[in-house]
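Undergrad: Below are the sequence and a predicted model; questions follow.
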Amino acid sequence: MKTLRIAVDIVLYFSFCFLAGTGIMLEFAFEKGAGPQSVLCFGKKAWETAHLWVGVAAILAFIIHFWLNSRAFRSCLLYTSPSPRD
């Protein structure tokens, strides 16, 4: 179980870095009306597709991460919320 948590954390970290990098690149590297452009031999459409599928993988990894740590989240919410007697 510990190796699964480490693997999910690594996937989340690298997918976040990739999504941030490609998001910034897609916003600023490609100019409209400038003809065919490429970055690292990939066109804009290829980068958009990669950005989309890495985003899907990041969402799935987040769901797995949340499920693996649900006990910790639950205990944190139970002990930090104000009690009804206060």
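TA: Arrived safely.
Undergrad: quick one: low-confidence ranges for the protein?
TA: Confidence mapping of the chain against pLDDT under 70 gives the ranges 80-86.
Undergrad: mind listing the helices in it by residue range?
TA: Taking DSSP state H as the criterion, the chain carries its helices at 2-28, 44-68, 70-80.
Undergrad: Of all the ones you listed, which one is nearest Gly35?
TA: Distances from Gly35 to each of these were compared by CB to CB, and the smallest falls on helix 44-68, at 11.6 Å. No exception for glycine: its C-beta is placed from N, CA and C like everyone else's.
Undergrad: what angle separates that closest one from helix 2-28?
TA: Regarding helix 44-68 and helix 2-28, their directions subtend 150 degrees when assessed with axes from the mean of the first three to the mean of the last three CA atoms, to 10 degrees.
Undergrad: helices or strands next to helix 44-68 in the packing?
TA: Helices and strands in packing contact with helix 44-68 are listed as helix 2-28; criterion 3 or more CB pairs under 8 Å, 6 or more residues apart in numbering; DSSP states H and E.
Undergrad: What are the buried residues along the helix it packs on?
TA: By neighbour count with 16 or more other CB atoms under 10 Å, helix 2-28 contains the buried residues Val8, Val11, Leu12, Ser15, Phe18, Leu19, Thr22.
Undergrad: Distance check, the last one against Lys2.
TA: Taking CB to CB, to the nearest Å as the measure, Thr22 and Lys2 are separated by 30 Å.
Undergrad: cool, the fifth one as well?
TA: Using CB to CB, we find Phe18 at a distance of 25 Å from Lys2.
Undergrad: got it, and the first one?
TA: For Val8, the distance to Lys2 (CB to CB) stands at 11 Å.
Undergrad: Kindly report the same for the second one.
TA: The gap separating Val11 from Lys2 is 15 Å, by CB to CB.
Undergrad: Same question for the third one.
TA: Counting by CB to CB, the separation of Leu12 from Lys2 is 16 Å.
Undergrad: Spatially nearest residue to Met1 (excluding sequence neighbours)?
TA: Nearest residue to Met1 in three dimensions, chain neighbours excluded: Leu68, at 7.5 Å (CB to CB, 6 or more residues apart in numbering).
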